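S.K.: pasted the sequence and its predicted model underneath.
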Amino acid sequence: MIGDYECIGRAKDERMPITLTNAVLLNLDPIEVLQGAIRIESDVISAVGSDVIPAVNDETLDCNGAVVMPGLVNGHTHLYSALAAGMPMPRHTPKNFHEILRFIWWRLDRALDAKSIEMSGRIGAIDALRCGTTTLIDHHASPNAIEGSLSRLEKGIADVGLRAVLCYETTDRNGPAGSEAGLHENRRYLDVCRQRKNDRFAALVGAHAAFTLGDESLRACVQLAADYRSGIHIHVAEDPCDDAICRETYGAPLIPRLEACGLLAANRDGSTKQVGAVGAASIFGHGTHLAPEDARWISAQIAALAHNPRSNMNNRVGYAPVSHMERVQLGTDGIGGDMFAEAKHAWFKACDAHSPSSKAEGPSREILPNGIVGMLAHAARVAGDTLGCRLGTFSPGAAADVVVTDYVPATPLTGENASAHLLFALGSRSVRHALVGGQWLLKDRRPVLVDEASIRTEAVPVAHDLWARMQAIPEE
Ligand SMILES: [Zn+2]
């Protein structure tokens, strides 16, 4: 049994204030550019701007005119794939998305044990930190190591120092005992977070997707979330198979099933403002195959639809109707932790989809660079709401999650063109230092709290054994 994990590091009140001087402050929420300094006291930002002067005893860092940004948030990921790079290919080439799950990802997650879960968390967190990603919203699965898995994942992430919102993806694909164990792990971790009450880790109720959950299990997930005043983190319409299997197996289409279980509650015609409490705190992954009107209706009543363009391309599932979505945040869906790369791909994909020669149907609002950066800012808002702190902004009182880059603009940088700098010039290679909650986690591109070289060496045999177990599992 895994014990509760205490975050390491000095007590926050023992730390000297930190002032980052001579910085170009690129705020994400709202998008604006300020010149000057940012002062951090304890775990929050206390002052920002040209009139901020370090106190005598402050720790100071001269940023030499480089861009300083709020830490980025990955709005939907699966750290359990952090040890997947280079893993053996399936014996049979998947012909569709369902086979990609069955031949690849559902064999990988079944091979995970406690040790590889924790190592996946540690390696995934290091990868994210090096890219300036300081908070992760994760969706975890390990069907043969469910109990305690979220605490093992948390341990790996906490060693590196990041924040995270975790859940276990409940599913019926491993029988009733598997779904009950998934629900139990979500409940256990909700209790851990409720009792600990810090802003480093928080819980949502995880559900894989409606097409692998019967009505009873779906309702049980929503009830658990309601009991804890939490939300659901679930994949929705990533591929047409979500709706098709719902019809074939459960006798109803996808969206009516989500309505029937109480996850979607707003009236379609907008005649009332009624929104379900669980839905309002929920994150839906993808929405790739939602009709434009459903994408708008659903995204207006939940915390966010998570858009993962690189994963959607990798899995050949198509392009989400992003321009119709009201609340949308960016995630990587397990394709690493680089939110700069995800933002660039979101931009290129949007341009390609809305090019004059595209065959996209129906009216769509044009997506602008500010819209892509807005997806980064929204992930920070949602993560902050769930964790109980303010993320993604330099406002005084916001969490001191700060990324110092070495990017000194060679062209004018203003609030009007900041998003274009982020999409076309900044990148994860620009990330030099990072703090979370006023604590240094990355200095000169090296993680502060862990010995990265040792961890990478330790990870290799863990990955080797994980892949061997995976290959021993027959393809369905
Ligand atoms: Zn996902």
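M.R.: Here it is on my side, so go on. Here the structure is a predicted model, which means the values were calculated and not measured.
S.K.: kindly report the residues of the stretch 201-350 of the chain close to the ion.
M.R.: Counting by C-beta under 5 Å from the ion, the positions of the stretch 201-350 of the chain adjacent to the ion are Gly285, Asp333. To be clear about C-beta, it is placed using only N, CA and C from the backbone, and glycine gets the same treatment.
S.K.: how about the strands of the stretch 201-350 of the chain, start to end?
M.R.: For the stretch 201-350 of the chain, the strands defined by DSSP state E, counting those that start in this stretch cover 201-203, 205-209, 232-236, 283-286, 304-307, 328-330.
S.K.: dump those strands to TSV, plus mean neighbour count and mean pLDDT.
M.R.: Below are the strands of the stretch 201-350 of the chain laid out as TSV (neighbours: other C-beta atoms under 10 Å; pLDDT from 0 to 100):
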stretch	mean neighbour count	mean pLDDT
strand 201-203	26	98
strand 205-209	28	98
strand 232-236	29	98
strand 283-286	28	98
strand 304-307	30	98
strand 328-330	27	98
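S.K.: where's Arg469 relative to the ion, distance?
M.R.: 22 Å (C-beta to the ion, to the nearest Å).
S.K.: please report phi then psi for the residue of the chain positioned farthest from its centre.
M.R.: The centre of the chain is farthest from one residue, Val56, which by C-alpha atoms, centre = their mean lies 38.5 Å away. Main-chain torsions, Val56, degrees, to the nearest 10: phi -60, psi -40.
S.K.: then the one 4 residues further on?
M.R.: Dihedral pair for Thr60: phi -120, psi 150, per degrees, to the nearest 10.
S.K.: what's the spacing between it and the ion?
M.R.: 41 Å.
S.K.: for Ile367, same thing?
M.R.: Distance from Ile367 to the ion, by C-beta to the ion: 22 Å.
S.K.: and what of Asp465?
M.R.: 25 Å.
S.K.: residues in contact with the helix or strand containing that residue?
M.R.: Assigned by DSSP states H and E, Asp465 belongs to helix 452-472. Outside helix 452-472, the residues within contact range by C-beta atoms under 8 Å, 6 or more residues apart in numbering are 83, 87-88, 107-108, 110-113, 115-116, 119, 122-123, 126, 446.
S.K.: so where is the stretch 151-300 of the chain shaky, pLDDT-wise?
M.R.: 269-275 (pLDDT under 70).
S.K.: ok, now with 50
M.R.: When residues are selected by pLDDT under 50, none of them lie in the stretch 151-300 of the chain.
S.K.: could you chop the protein up by domain?
M.R.: Residue ranges for the domains of the chain, per automatic domain parsing: 17-70+394-444, 72-387.
S.K.: tell me the phi and psi of Gly438?
M.R.: phi 80, psi 10.
S.K.: where along the stretch 201-350 of the chain do the helices fall?
M.R.: Listed in chain order, the helices of the stretch 201-350 of the chain (DSSP state H, counting those that start in this stretch) span 215-227, 240-250, 254-260, 277-280, 292-299, 309-314, 339-353.
S.K.: cool, the stretch 351-476 of the chain as well?
M.R.: Counting by DSSP H, counting those that start in this stretch, the stretch 351-476 of the chain has helices at residues 369-387, 418-424, 452-472.
S.K.: and the residue of the stretch 151-300 of the chain closest to the ion?
M.R.: The ion sits closest to Gly285 of the stretch 151-300 of the chain, with a gap of 4.5 Å, by C-beta to the ion.
S.K.: kindly state the beta-bridge partners for the closest residue to that residue other than its chain neighbours.
M.R.: Residue nearest to Gly285 in three dimensions, not counting chain neighbours: His235, with 4.4 Å by C-beta to C-beta, 6 or more residues apart in numbering. Judged by DSSP bridges, the bridge partners of His235 are Ala209, Gly285.
S.K.: quick one: His235 and Ala209 touch, right?
M.R.: Yes - here His235 reaches Ala209: they are 4.1 Å apart, a contact under C-beta atoms under 8 Å.
S.K.: find residues that contact each of the two.
M.R.: Common neighbours of His235 and Ala209 (criterion: C-beta under 8 Å, 6+ apart): Asp242.
S.K.: re the thing from before, tell me which of the helices of the stretch 351-476 of the chain is the most buried.
M.R.: The highest mean neighbour count among these, using mean count of other C-beta atoms under 10 Å, belongs to helix 369-387: a mean of 23.
S.K.: relative to helix 339-353, how tilted is that one?
M.R.: Comparing the axes of helix 369-387 and helix 339-353 via axes from the mean of the first three to the mean of the last three C-alpha atoms, to 10 degrees yields an angle of 130 degrees.
S.K.: chain center to helix 369-387: distance?
M.R.: Computed by C-alpha atoms, centre = their mean, to the nearest Å, the chain-centroid distance of helix 369-387 equals 10 Å.
S.K.: over to stretch 386-405?
M.R.: That offset, for stretch 386-405, works out to 16 Å (C-alpha atoms, centre = their mean).
S.K.: what comes up buried for that stretch?
M.R.: Residues of stretch 386-405 classed as buried: 386-387, 389-394, 398-405 (neighbour count, 16 or more other C-beta atoms under 10 Å).
S.K.: one more: stretch 144-154?
M.R.: By 16+ other C-beta under 10 Å, the buried positions in stretch 144-154 come out as Ala145, Ile146, Glu147, Gly148, Ser149, Leu150, Ser151, Arg152, Leu153, Glu154.
S.K.: now do it: distance from first to last residue.
M.R.: 18 Å (C-alpha to C-alpha, to the nearest Å).
S.K.: start at 605, not 1
M.R.: Done: numbering now begins at 605, and the last item shifts to stretch 748-758.
S.K.: so Val926 makes contact with Ala910?
M.R.: No - with contacts counted by C-beta under 8 Å, Val926 stays clear of Ala910, the gap being 10.9 Å.
S.K.: need the overlap of contacts for these two.
M.R.: Val932.
S.K.: which residues touch the spatially closest residue to Ser1023 that is not a sequence neighbour?
M.R.: Closest residue to Ser1023 apart from its sequence neighbours, by C-beta to C-beta, 6+ apart: Pro973 at 3.6 Å. Pro973 makes contacts with Trp951, Ser1023, Ala1024, Leu1026, Leu1027, as judged by C-beta under 8 Å, 6+ apart.
S.K.: as TSV, these with pLDDT would be great.
M.R.: Shown next, in TSV, are the contacts of Pro973 (pLDDT from 0 to 100):
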residue	pLDDT
Trp951	96
Ser1023	97
Ala1024	97
Leu1026	98
Leu1027	97
